[in-house]
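*Asks:* have a look at this prediction, sequence included:
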Amino acid sequence: MPGMTPAPVPVIRSLVTGTPPHLTPQSEIREAARTLFPRMAARPHLLDVFGNAQIDARALARPLAWYTQPRGFGEKNDVFLQEARTLIRRLAAGALAQAQLLPQDVDAVVVVNTSGLSTPSLDADLIGFLGLNRHAARLPVWGLGCAGGAAGLARAADLVRAGFRRVLYVAVELCSLTLVKGDESKSNFVGTALFSDGGAALVVTHPDVPGPAPLAHLHGAYSTLIEHSEDVMGWDVVDDGLKVRFSRDIPALVRGMMRENVQEALAAHGWCRQQVQTFVVHPGGVKVLAAYEEALSLPVGALDTSRRVLRSYGNMSSATVLFVLEEALKASLTGRALLSAMGPGFSAEHVLLEFPE
């Protein structure tokens, strides 16, 4: 309307990623699977999933031997709380320093996770440990899984548009703790070949907040929930913890919906496909990335950054797409980009970015 002040375009001022200390070669995890899945390991071709995943190593919250013993939900969640707090304290402190921001100046905190439970939520621990403004708005986001990294970034930008000028955003996942020993289901087996642990912290601000040059401008977001799809992916809560559920062909879903969904996401903000130079995609697996490339008719190499992150780190759920974003930023890319992830719901989340010239 005439006379209205346009909404600010939030900017990313900093991005820091990290993992727990137990970096474990995929070959060692494959050997451990013989103990964890004796019935499935009796058919050696099934172990090929560890090589087919195209992952070299993964960071774990505990040494590999820890996972070969039965663990209950309570014990796993205690480890989650200990390791998640340790990791996000370090990452958040780094993000604030990189953004040249004092802890007490943060006026909103967003924390995304799906792989453990915490009440009080993890943002309360961050506020107390780092000395953040104790009047900061708190937005803990739980249950979005792999889509959470994109959705959390969108919510951080929404907070800036709503008047919060300095937002700390953290995503942390310890997916290795969802391994259920003794469960020889296909979902648990595939999850053991893919899942890993890591986190990321970002500072998102109003564009006129003093600080380092923006890493990226956040132009908008787009969310889609697919009807009658709650069985596609999620957790079944059992006595031994959060048991992963995969029950449909996710690459087929990507091929079937992503072209139209991306067009809708871009059109909602006045963009078109030809204007997007870079796709920052959550690497849910090599078949999922291939399905994205097919659906969007991407040129060879367009998702190599996602593949490199998958090979180096595995699938860290919500945090993974933020690792991909960090790698894209290191490449000094310019122009418009689309950050995308899919997760439980079943849902798709997109964030429209622009890298500065």
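*Replies:* Received, thanks.
*Asks:* now for the helix or strand hosting Asp78, which elements pack on it?
*Replies:* Using DSSP states H and E, Asp78 sits in helix 73-98. In terms of contacts (3 or more CB pairs under 8 Å, 6 or more residues apart in numbering; DSSP states H and E), helix 73-98 is packed against strand 11-18, helix 122-130, strand 166-174, strand 197-205, strand 241-246. No exception for glycine: its C-beta is placed from N, CA and C like everyone else's.
*Asks:* and if we set it to 10 Å?
*Replies:* Packing partners of helix 73-98 (3 or more CB pairs under 10 Å, 6 or more residues apart in numbering; DSSP states H and E): strand 11-18, strand 108-113, helix 122-130, strand 166-174, strand 197-205, strand 241-246.
*Asks:* show me what counts as buried in it.
*Replies:* Neighbour-count burial for helix 73-98, counted by 16 or more other CB atoms under 10 Å, picks out 73, 76-77, 79-81, 83-85, 87-89, 91-96, 98.
*Asks:* how about stretch 137-145?
*Replies:* For stretch 137-145, by 16+ other CB under 10 Å, it's 137-142, 144-145.
*Asks:* distance from the chain centre to the helix holding Asp78, please.
*Replies:* Its chain's C-alpha centre and that of helix 73-98 lie 15 Å apart, by CA atoms, centre = their mean, to the nearest Å.
*Asks:* can you tell me the average pLDDT over that helix?
*Replies:* Mean pLDDT, computed over helix 73-98, is 97.
*Asks:* for Gly152, which non-adjacent residue is spatially closest?
*Replies:* Nearest residue to Gly152 in three dimensions, chain neighbours excluded: Val112, at 3.8 Å (CB to CB, 6 or more residues apart in numbering).
*Asks:* test my guess that His135 contacts Asp107.
*Replies:* Yes. Under the criterion of CB atoms under 10 Å, His135 makes contact with Asp107 at 7.8 Å.
*Asks:* between those two, who's got more neighbours?
*Replies:* Asp107 (19 against 8; other CB atoms under 10 Å).
*Asks:* report the contact partners of Leu266.
*Replies:* By CB atoms under 10 Å, 6 or more residues apart in numbering, Leu266 lies in contact with 220, 222, 272-276, 336, 338, 350, 352.
*Asks:* filter the residues you listed to the buried ones?
*Replies:* 220, 222, 276, 336, 338, 350, 352.
*Asks:* turn the helices and strands packed on helix 73-98 into JSON lines, including distance to Asn315.
*Replies:* Output for the helices and strands packed on helix 73-98, formatted as JSON lines (distance: least, CB to CB, whole Å):
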{"stretch": "strand 11-18", "distance to Asn315": "14"}
{"stretch": "strand 108-113", "distance to Asn315": "15"}
{"stretch": "helix 122-130", "distance to Asn315": "21"}
{"stretch": "strand 166-174", "distance to Asn315": "9"}
{"stretch": "strand 197-205", "distance to Asn315": "10"}
{"stretch": "strand 241-246", "distance to Asn315": "11"}
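*Asks:* so which of the ones you listed comes closest to Ala157?
*Replies:* Ala157 lies closest, by CB to CB, to one member of the helices and strands packed on helix 73-98: strand 197-205, at 6.0 Å.
*Asks:* so Val111 bridges to which residues?
*Replies:* Judged by DSSP bridges, the bridge partners of Val111 are Pro140, Val170.
*Asks:* neighbours of Cys146, how many?
*Replies:* Cys146 has 28 nearby residues by other CB under 10 Å.
*Asks:* before we move on, back to that, mind putting the buried residues of stretch 137-145 in a markdown table, pLDDT included?
*Replies:* Formatted as a markdown table, the buried residues of stretch 137-145 follow (pLDDT from 0 to 100):
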| residue | pLDDT |
| --- | --- |
| Ala137 | 97 |
| Arg138 | 97 |
| Leu139 | 97 |
| Pro140 | 97 |
| Val141 | 97 |
| Trp142 | 95 |
| Leu144 | 93 |
| Gly145 | 93 |
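*Asks:* out of those residues, which one sits closest to Asp304?
*Replies:* For the buried residues of stretch 137-145, the nearest to Asp304 is Gly145 (24.1 Å; CB to CB).
*Asks:* how about the closest one: what's its closest non-neighbour residue?
*Replies:* Gly343 (3.7 Å).
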